[in-house]
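Enquirer: For reference, the sequence and a predicted model appear below.
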Amino acid sequence: MKNELVVLDLNQTWSVVDCPPGVKPIDCSWVYQIKRRPDGSVERYKARLVAKGFTQKEGVNFLETFSPVVKPATIRLVLALTSMKRWPIHQLDVNNAFLHGDLSEEVYMTLPPRISSSHPNQCCKLLKSLYSLCQSSRMWYKKLSKLLISCGYQQTLSDYSLFVKIIDAEVSVLLVYVDDIILTGNSIFEMVTIKSILNQHFKIKDLDTLKYFLSIEVAHFAQEISLSQRKYCVDLLENSSLLGAKPASVPMDSSTKLHQDNSPLLSDPLIYRRLVGRLLYLTTMWPDITYATQQLSQYMASPTESHFRVANWVLRYLKSNPGRGLFFSRDSFVHICEFSNSNWAGCPDTCRSLTGYCFFLEKSLISWKTKKQSTIARSSTEAEYRALANTT
């Protein structure tokens, strides 16, 4: 906590002023977190002073919100290219990232706990963003993107958190996920240069070769790069008390067809919603549970005991091999192929079709999805369309 206050003071995050008439400052509090390594051991203890941004009012003390979150498909694509091209890939962590953003709105906050003032009715006028402010992530991203663009990087339109710099045959790629940065490319000089520039402006922590990112474990081998979420998966099984359960060979029984049945409703639906939410995050590296998770996510509003049993079946499938994941071969070519399929009127509740697709970069699976179609296609309409297409 002392270290955090020193950083806030050096950063000139606020100035202590008299509270303006009619202004109610937002509150703040301390949040404590234990950062762990992939093996579960303690890496460091963190203390953060956070503002209670949920009390802010739009149009009064914040205008817009945005968080730089790179898409999972973009991460997989970049890692697949890195494996094929045998590029080095490094991870950077920005120290106190949200404290670097400059505020354009007037935001007042109460004095932090255990800090008092000799004058009554005083508060903190925030000059720079603070954790949990509604606009803090947007202001940090604005400052970072402005710096990267000034260094010659271009922001991609398909993913605003992906920055690319190409000069002749030299390529540099930078991914941003809030305050975590992945850096790769074929120019060692450019990687060293951008690291130095980022450190001058923000003070970064160079974590060297990418090994652990967003609960994703990255292993580098001579023939491939492997990705898994083993620790996340084991923690999920432990929290669900299913570490000793009998493993299942498939993520969902082929005879099971979920619908809004008449079985008893769950007494605590939050357990189901929390479980399905964590399964949705697991689909980042587990494409084979995507269909089952898509089916389960349709009944978040009123889950029943039968839905919960199917969710537990998926957990039993995870138990069969928690370390399963994706493999990006180094002996591949940049060739994209796609597979898709549809299940006509597959949803028993709405009679809508289910569509699924997946994209491969040669041997590497980089993107997939299962979703319910937004419209209903009737068989008679499809027949007329086919007849019209044949005649024309």
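Expert: Arrived safely, thanks for sending. Residues are numbered from 1 along each chain as shown.
Enquirer: Quick check, Phe98 in contact with Trp140.
Expert: Yes: with the criterion set as CB atoms under 8 Å, Phe98 and Trp140 qualify as a contacting pair; they are 5.2 Å apart. C-betas here are computed from N, CA, C, even on glycine.
Enquirer: who has more neighbours, the two?
Expert: Ranked by neighbour count (other CB atoms under 10 Å), Phe98 and Trp140 place Trp140 first, with 27 against 21.
Enquirer: sorry, back to before: name the residues contacting each of Phe98 and Trp140.
Expert: 129, 179 (CB atoms under 8 Å, 6 or more residues apart in numbering).
Enquirer: The stretch 151-300 of the chain: helices as residue ranges?
Expert: Using DSSP state H, counting those that start in this stretch, the helices found in the stretch 151-300 of the chain span residues 188-202, 230-239, 269-282, 290-296.
Enquirer: and of these, who's closest to Gln33?
Expert: Judged by CB to CB, the one of the helices of the stretch 151-300 of the chain that comes nearest to Gln33 is helix 230-239, at 15.4 Å.
Enquirer: Mind listing what's buried along that closest one?
Expert: Buried residues in helix 230-239, counted by 16 or more other CB atoms under 10 Å: 230-234, 236-237.
Enquirer: Can you tell me which of those comes closest to Lys35?
Expert: Checking these one by one against Lys35 (CB to CB), the nearest turns out to be Lys231, at 13.1 Å.
Enquirer: neighbours around the nearest residue to the closest one once chain neighbours are set aside, how many?
Expert: Closest residue to Lys231 apart from its sequence neighbours, by CB to CB, 6 or more residues apart in numbering: Pro38 at 5.6 Å. Neighbouring residues of Pro38 were enumerated by other CB under 10 Å; the total is 16.
Enquirer: again with the one 5 residues further on
Expert: Number of residues near Glu43 (other CB under 10 Å) recorded here: 11.
Enquirer: do you know how far the most centrally placed residue in the chain is from Leu183?
Expert: By CA atoms, centre = their mean, the chain has its centre lying nearest to Val69, at 5.9 Å. Distance, Val69 to Leu183, using CB to CB, to the nearest Å: 17 Å.
Enquirer: likewise Asn341?
Expert: For Asn341, the distance to Leu183 (CB to CB) stands at 37 Å.
Enquirer: which of the two has more neighbours?
Expert: Leu183 (21 against 10).
Enquirer: Helix or strand for the nearest residue in space to that one that is not next to it in sequence, just tell me which one.
Expert: Distances taken as CB to CB, 6+ apart put His90 closest to Leu183, at 4.9 Å, once the chain neighbours are dropped. Secondary structure assigned from DSSP states H and E places His90 in strand 89-94.
Enquirer: same question, Phe339
Expert: Phe339 is located in strand 336-343, with elements delineated by DSSP H and E.
Enquirer: For the residue nearest to the centre of the chain, give me its contacts.
Expert: With the criterion set at CB under 8 Å, 6+ apart, Val69 makes contact with 161, 177-178.
Enquirer: count of residues packed around Leu175?
Expert: Using other CB under 10 Å as the criterion, Leu175 is surrounded by 23 other residues.
Enquirer: Need the per-residue pLDDT for it.
Expert: Each residue has a pLDDT score; the one for Leu175 is 94.
Enquirer: so what's the residue nearest to it when sequence neighbours are not counted up against?
Expert: Once its chain neighbours are removed from consideration, Leu175 has its nearest residue in Ile182; the separation is 4.1 Å (CB to CB, 6+ apart). Ile182 makes contacts with 75, 78, 89-92, 174-175, 210, 213, as judged by CB under 8 Å, 6+ apart.
Enquirer: One more pass at 7 Å, please.
Expert: By CB atoms under 7 Å, 6 or more residues apart in numbering, the contact set of Ile182 is 89, 91, 175, 210, 213.
Enquirer: isn't Ser172 right next to Gly185, touching?
Expert: Yes: in this structure Ser172 lies within contact range of Gly185 using CB atoms under 7 Å: 3.7 Å.
Enquirer: So for the two, which residues contact both of them?
Expert: Both Ser172 and Gly185 are contacted by Met191, under the criterion CB under 7 Å, 6+ apart.
Enquirer: Domains of the protein: list them as residue ranges, please.
Expert: Listed by automatic domain parsing, the domain ranges of the chain are 2-214, 230-372.
Enquirer: Between the two ends of the last one, how far is it?
Expert: Read it as domain 230-372. For domain 230-372, the separation between the terminal residues is 29 Å (CA to CA, to the nearest Å).
Enquirer: Over to the first one?
Expert: Between the start and the finish of domain 2-214 there is a gap of 28 Å, counting by CA to CA.
Enquirer: so who does the spatially closest residue to Thr74 that is not a sequence neighbour touch?
Expert: The spatially closest residue to Thr74, leaving aside those adjacent along the chain, is Asp159, at 4.7 Å (CB to CB, 6+ apart). Residues in contact with Asp159, defined by CB under 7 Å, 6+ apart, are 70-71, 74.
Enquirer: do the same with Ser226
Expert: Residues in contact with Ser226 (CB under 7 Å, 6+ apart) are 219, 325, 327.
Enquirer: Switch these over to JSON lines; also include distance to Val7.
Expert: Converted to JSON lines, the contacts of Ser226 look like this (distance: CB to CB, whole Å):
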{"residue": "Ala219", "distance to Val7": "34"}
{"residue": "Gly325", "distance to Val7": "36"}
{"residue": "Phe327", "distance to Val7": "41"}
